[in-house]
Each structure stands twice: as structure tokens, then as C-alpha cells.
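Peer 1: Everything below, folded, please.
(4 chains)
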2 protein chains.
Amino acid sequence: MATKKPKIRTMEELASAIAVSRPTLSRFFQDPESVRPATAEKIRQGLAHVDYVPNFFATRMNRRASGLVGVIVPLLTDPFFASLLQTVELAALEMDFTVITQCSHGSAELEANAVERLLSMNTEGVVVAPLGEYGSADALRQLGRSLPIVFVDSRPAEPYTTIDFVGTDNEQSIGLITDYLCRTGAPPVYLGMPRLNSNGLERESAYRRWMAGHDLRPEVLPDDLAPQSWAFETYAYQTMDALFGQGLYVDATILCANDRLAMGALQAAHRHGLFNSRPGARTRVRIAGHDDHPLSRFMTPALTTVAQDIDTIGMTAMSLLASRIRSGKPGEETVERTFPAALKIRESA
Amino acid sequence: MATKKPKIRTMEELASAIAVSRPTLSRFFQDPESVRPATAEKIRQGLAHVDYVPNFFATRMNRRASGLVGVIVPLLTDPFFASLLQTVELAALEMDFTVITQCSHGSAELEANAVERLLSMNTEGVVVAPLGEYGSADALRQLGRSLPIVFVDSRPAEPYTTIDFVGTDNEQSIGLITDYLCRTGAPPVYLGMPRLNSNGLERESAYRRWMAGHDLRPEVLPDDLAPQSWAFETYAYQTMDALFGQGLYVDATILCANDRLAMGALQAAHRHGLFNSRPGARTRVRIAGHDDHPLSRFMTPALTTVAQDIDTIGMTAMSLLASRIRSGKPGEETVERTFPAALKIRESA
DNA sequence: GACAACTCTTTACGCGCGTAAAAGTCGTTG
DNA sequence: CAACGACTTTTACGCGCGTAAAGAGTTGTC
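Peer 2: Numbering: from 1, shown residues only, chains lettered A, B, ... in the order given. Predicted coordinates:
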């Protein structure tokens, strides 16, 4: 209740207020263990009676290690990135790093801005979920030359000489779900996602390879390139609605590049009554996704999918970055860690 | 391709590199219009040949106006807050503010940390979507004493003397959907949300008032207080699953405090076959939500709900904050702007 | 009691840049 | 041509704190 503590703006004032020298205070704030216990207690006592927080800028500007790491994500409205960011941020907190979040909002220009900002903030390293647009690679490469950078979720568009990457093993995850679908019914056709990042291509390739490896004919929807938009659900709905409308794929198994696409496809299937037990249907349409979106299990039918291990990915990315930072130099050899996904068998396939 | 520009670290170096004085450079970076066009061009030319960005900390530390605003949200994994943040950030960008995002991760302690951080960063104002926990108010009140602060989405737990608020008019939105439900079928029972912020209480009160005003008996589920968790879907699923299992509310109209609850309720209804045309059922269960979650229209049945005007709320909050900042003093009189929600009639009710 | 080992204080400098005041430069006016 | 205003350069100081070095104080040990 006694919130009317006197406001103290500088360490100098604080020092004279509690009779401790400023350098001692400086050391205390960076590491309370670095001063004698009695002194630390004295400082804590004093601190309790005043209202003071060290200036963030002044502190971070001069330290050898700023204790700052940047995170760049393309957007926050996709729960995958939101979760990833949350995990990374919490992991950073554990390691006494402060994270500066930058969102590129899907624009290469804003991504470049984010890079500049992080560079200007003495960040010690950056975790980046890149967007796949051309031209975005330049800024990232420049960033990589001055400090360690770990890519998550997807790889940058253009090839790097050396690149640290943490993400899902698309080969495994797509193999897992494709295998399951083949075992339990018709082999899947593949509904691709807009080419927003490397995952789109990787997953499609994985699908093609798996099918080819089992002498099955891969079939990818749609023929033309998908528009570059994050409105996955609507895109999938429109695509599948058109196809279902022509009577195509109404009994097919459809593997979607991600869950949000699958949700759109589900909607289209409902609109065409494909989930009602239709008389004469040999088998009903089956739809599967990828990612295990938090709402997938609340779909009707509950969406069968594969779950990315977001927590592991986020924590691994952060600790990899931390080790890069501690080792000083950008790593000599590339580290690439991909994690397997887990099959979530539900009702839709 | 020629990305091997020489790296320049300080303005001093830059000044001697392109034969312009440092103070002139300083002014150029703050406002290119403030120097003679010829000089500006000369600087731009030089800038194109080198690799330099002004140090973020050093610049923001000394300016009269840091150009920084803070945003505090409880979590990012809820699409409402993600969208809100995005809108606020883009609005801030328009007004030449840089936003520092802080996420409280649902913890009052982390919220307090966020407040301290923003205070230590010379932010000129803060937009906060508060969590309703007790104890969180103290830190926010302290923040409010030193700089303008605009609350969005929900109000802080304890009463403030003066408080700027921007959000949805729950009275209107709940009235809208309740009215619609009453007109088109049985009057709704209300499935409340965990008391995480003021919206939970406000919406329930609005529901009660509206029902009472029409001589209808309000009925709120569940009796006991909901747990303080953001796992809305699961909570609603379990609650409704238990009730449906007892044969209760199977033909009822259920108004949920938000869409994510409704999704859980939807799932429970499906599990009990309430959406299959059951023989003997007078009317089938109806479920409605609140917020217009991006996936609501992809539910089955598509969720009837009311849409909050997130964009308007975010932009209004930001411009209100901007005006508070420009006017210098924390506003004398409270500004409270609530916006109406729009009915989204779909299939679930 | 003296000695060394810590820990603290004092003093001083630096970080990269904002900002102010005075002096200099330029092109424009009369 | 001189006077003038607009812009720039020069010079200087300050922001709040990190950090280093040297001296003063405290503590523990024998």
C-alpha cells in the first residue's frame, strides 16, 4: 500500500542514498553474488525503500555482453509461431538472456528492418524463423556475418555456406503420416501450401519421394502455384470446394501440408456433404494435416495429423544459440538438428 | 551482390568517411528533412557505400523523446491478443513509434518485470492488456504514475482514479447475441469463462442484466468458479461433457463467454451426438460464442458468434496513447472508448 | 600483533550519441 | 559590394552506466 517510495533516477543518487559506492552498485546489479553478503543485504534493504530501476539502455550499451538475443518471426497470428516464440522466450529467460522480439509481418522489408534493429541493439545472437521471400536472404546473410544466428522452422531461401538449423524432420513426419494413410486406406493426394518458406517445398518433396519409393503415383494439388498468403484455411477451402464441386476427390485421401489447410479442406468437405454417410460411397473422404494445431482435435471430425515438437525445437534452438554465443566465434561446422513428429490419429483419417 | 561494404561502427567514423560533421549526421538520422537537400543526398550516397546503423541504445538514451512505446499482453498463443498486438504494432509504425513488446505469460510476476523493463527503457507510453490477477495492479499503477498508459481489452483488477480504456462494449455485444438467440429459439444459458480478466465478469453481468430485463431466468454454468487457466477449449469440453452425459442441456441454447469455450462445447456436443438429427428431439442444441475467432467459421457447425472489432480497438488504443504522449501530462479526464461487436450468424445457433 | 587476502571506495575514463552555442560557409538579396 | 539569412562545422558538454586501477578499509590467520 505504501507505494509512495521516493523516485531515484540514477545510480549516483542511489549510491549516496544508501551509502554505497556506485561501482559497487553496478556490480551488485549485474551479479549480487559479486559483493559481500553483508553489502548485498544492505543494498537490498535500501532498494526496498526507494523506487529505482537501472536504465536499460545505459546498462546494455557498455557491458561486454549485452545479454540480449533477438527473435524474428514472420507473424504471430499463426499459433505455431506464437508457441515457438513463447518457448524460445522462456528458454532464454532460463539462461539469463533477454529477448527482443521482432515480427516481420510477412514482409521482406520489415524483416530487413528487424535485422537492422537487432544489429543496432548489440544483440549477441538471433533466432530466426525466416520467410522464404527472395531478397530477404541478403539481410539475413549480412546479419549472420556479424553474429551467430540460428534458423528455426524453415531454412532461408538461398543457400548458405554455413547455417545452423533447428526444426522438424519433414522427411520423417511426412513419411509417418503418408505411411499411416496408405496402410489404412487409399494412398493420399497432397494439398500443397503456398510457397512461403522451405517447408512447403520440403514436405511436397518428401511426399513425392515416399510415394515413389512405394511405387505409388504421387498427385499434388493444385497444379498451379498457390498464392503467397498466410490465409491457409480460405485458400484450401476454395481449392477443395472447386474440386469437390466437380465431383473430384470426393472419396479420396487428402494429405494437407499443414493443419490450417486441412481445416479449410474439412470445411469444403462438409459443404459437399462428404462426411454424411452417403449411399453408394465406397469410402468416405479422408483428410489429414500436419503440425497438430491446438484446435485440430476440436475439429469435426477431429483432425488426424502429426505433431511437431515445438517445445523441443524452441529450446534446442535457444541452447544452440547460447552455445554459439559462448564459444565466441560463429561455429565452424554447421549444426542441423531436426526432430521427429508424432502421429496423432484422430477421426478425420 | 556487392554485400562486402566496409563496416562502420560509430557516427564519428561515418562523419569522417563521407566528409560531413557528426552533428549534421545526427540530425539527418532523426529527420532527413532537417538538413539541406544537397547534404541529405550526399549523406545518402555515402550511406549506400558503407554498412552502418546508428546504435539503438545510444540514440534512444539521450533523445528528449525516445520514440518508444511498450505493449504488454498476457499471452500470444491466443489469436485475439496476437491480432491485437499486430494491429497496435502496425499503427505505432504509422506514427513513427517503435514498439517494445512484453509478454507476461499469464504471470503477475512477469507482468511486473515487463513494467520495470518498460520503465527502464524510457518508453513514452504503454498499451497494456492486463491480466486480472491480484497484485498485478500495483505494478501497473506505479507505471501509470510515471507515464501515460492505455488499457485494452480488459480493465485492471483494482479500481483506478483515472484510467484510459479501449475495448469492446460487452454490454452491447452480449445483448446482441442474447437477443438474437432469444428471437430464434430457446433463451440461452451462459457458459462462463475463467476469471482471468474483467471481461469474464462483465460479460456474465451483461448476460444476467439482459435476461432479467426481459423477465427471463438467467442460468450460468458452471456453479463453481472456473479454474484460472487459458485452456478454454478443454475446460469447456469437460464441463459440457459432464453435463451432456447427465442428459442436461442437450436441447439447450448455450451462450459461451468466448469462441474458444464454444469450440470445446461444440466438441462435447458432437461426442454426445447432439448434432445428429436425433429422433424425438424437439430442438437440437444450439451453441454460440463471442469474439469471432479466426477459426470459428471453420468449425462444424460453423460457429455463430459476435465479432470484436480488433483493428479499430488496436488503432484507437494506439492513437489515444499517442495523443496522451503529445499532450504531455497524463490526461485529466478518463477516456473510455468501447466499440460495438457485429453479429456473425452462422450454423451453430 | 602483523601479515595477507578480500572487499570496498575513490578516481578516472570510456561508450555512442543528443544537444547546445559559437563560429564559419554559402548563396541570396539590396 | 556589403549585408543577410540559412545552413553547416567546430567545440564542448552531458546522458547513465561499465570498467579499470589505485588506495583505504575490513576480515581472517598464525
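Peer 1: Can you list the buried residues in stretch A:28-43?
Peer 2: Within stretch A:28-43, the residues that count as buried by 16 or more other C-beta atoms under 10 Å in any protein chain shown are A:28, A:29, A:35, A:39, A:40, A:42, A:43. From N, CA and C alone the C-beta is placed, and that goes for glycine too.
Peer 1: Next: stretch A:233-245.
Peer 2: A:233, A:235, A:236, A:237, A:239, A:240, A:241, A:243, A:244.
Peer 1: nearest residue to residue A:201 other than its sequence neighbours?
Peer 2: Counting by C-beta to C-beta, 6 or more residues apart in numbering or on different chains, residue A:201 lies nearest to residue A:195, which is 6.6 Å off, once chain neighbours are set aside.
Peer 1: Next, count neighbours for the one you found.
Peer 2: 17 (other C-beta atoms under 10 Å in any protein chain shown).
Peer 1: Also the one 4 residues further on?
Peer 2: Counted with other C-beta under 10 Å, residues neighbouring residue A:199 total 21.
Peer 1: again with the one 3 residues further on
Peer 2: Burial of residue A:202 is recorded as 20 neighbouring residues (other C-beta under 10 Å).
Peer 1: Tell me which residues touch it, please.
Peer 2: A:170, A:171 (C-beta atoms under 8 Å, 6 or more residues apart in numbering or on different chains).
Peer 1: check which helix or strand covers it.
Peer 2: Element membership for residue A:202 (DSSP states H and E) is helix A:198-213.
Peer 1: And for residue A:230?
Peer 2: With DSSP H and E as the test, residue A:230 turns up in no helix or strand.
Peer 1: And the one 4 residues further on, by the same measure?
Peer 2: With elements taken from DSSP H and E, the one containing residue A:234 is helix A:232-245.
Peer 1: How about residue A:313: what's its closest non-neighbour residue?
Peer 2: Residue A:313's closest residue in space is residue A:166 (C-beta to C-beta, 6+ apart), at 5.5 Å.
Peer 1: what bridges to the one you found?
Peer 2: Beta-bridge partners of residue A:166, counted by DSSP bridges, are residue A:152, residue A:337.
Peer 1: got a pLDDT number for it?
Peer 2: What the model reports for residue A:166 is a pLDDT of 95.
Peer 1: what do you get for the one 4 residues further on?
Peer 2: Here the pLDDT value assigned to residue A:170 is 93.
Peer 1: Is there a neighbour count for it? I'd like the number.
Peer 2: For residue A:170, the tally of surrounding residues (other C-beta under 10 Å) stands at 25.
Peer 1: Contacts only, for it.
Peer 2: Residue A:170 neighbours (C-beta under 8 Å, 6+ apart): A:199, A:202, A:203, A:206, A:338.
Peer 1: With residue A:41 as the reference, measure out to the residue nearest to the fourth one when sequence neighbours are not counted.
Peer 2: It refers to residue A:206. In space, residue A:206 comes closest to residue A:174 once its chain neighbours are excluded; the distance is 3.8 Å by C-beta to C-beta, 6+ apart. Separation of residue A:174 from residue A:41 (C-beta to C-beta, to the nearest Å): 58 Å.
Peer 1: Ok, residue A:307 next?
Peer 2: 49 Å.
Peer 1: and what of residue A:11?
Peer 2: Residue A:11 is 18 Å from residue A:41, by C-beta to C-beta.
Peer 1: dump the residue contacts of residue A:69.
Peer 2: Per C-beta under 8 Å, 6+ apart, neighbours of residue A:69: A:92, A:97-100, A:123-127, A:318, A:321, A:325.
Peer 1: Narrow those to those in helices?
Peer 2: Residues of the contacts of residue A:69 located in helices (DSSP state H): A:92, A:318, A:321, A:325.
Peer 1: Distance to chain B and pLDDT added to those residues, as JSON lines?
Peer 2: JSON lines is the format used below for the ones in helices among the contacts of residue A:69 (distance: C-beta to the nearest C-beta, whole Å; pLDDT from 0 to 100):
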{"residue": "A:92", "distance to chain B": "12", "pLDDT": "95"}
{"residue": "A:318", "distance to chain B": "15", "pLDDT": "96"}
{"residue": "A:321", "distance to chain B": "19", "pLDDT": "94"}
{"residue": "A:325", "distance to chain B": "19", "pLDDT": "90"}
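Peer 1: can you list contacts of stretch A:214-234?
Peer 2: So stretch A:214-234 is in contact with A:74-75, A:77-78, A:106, A:133, A:182, A:187, A:189-196, A:204, A:207-208, A:211-212, A:235, A:239, A:243, A:249, A:254, A:258, A:260-261, A:263-264, A:267, B:294-295, B:298, going by C-beta under 8 Å, 6+ apart.
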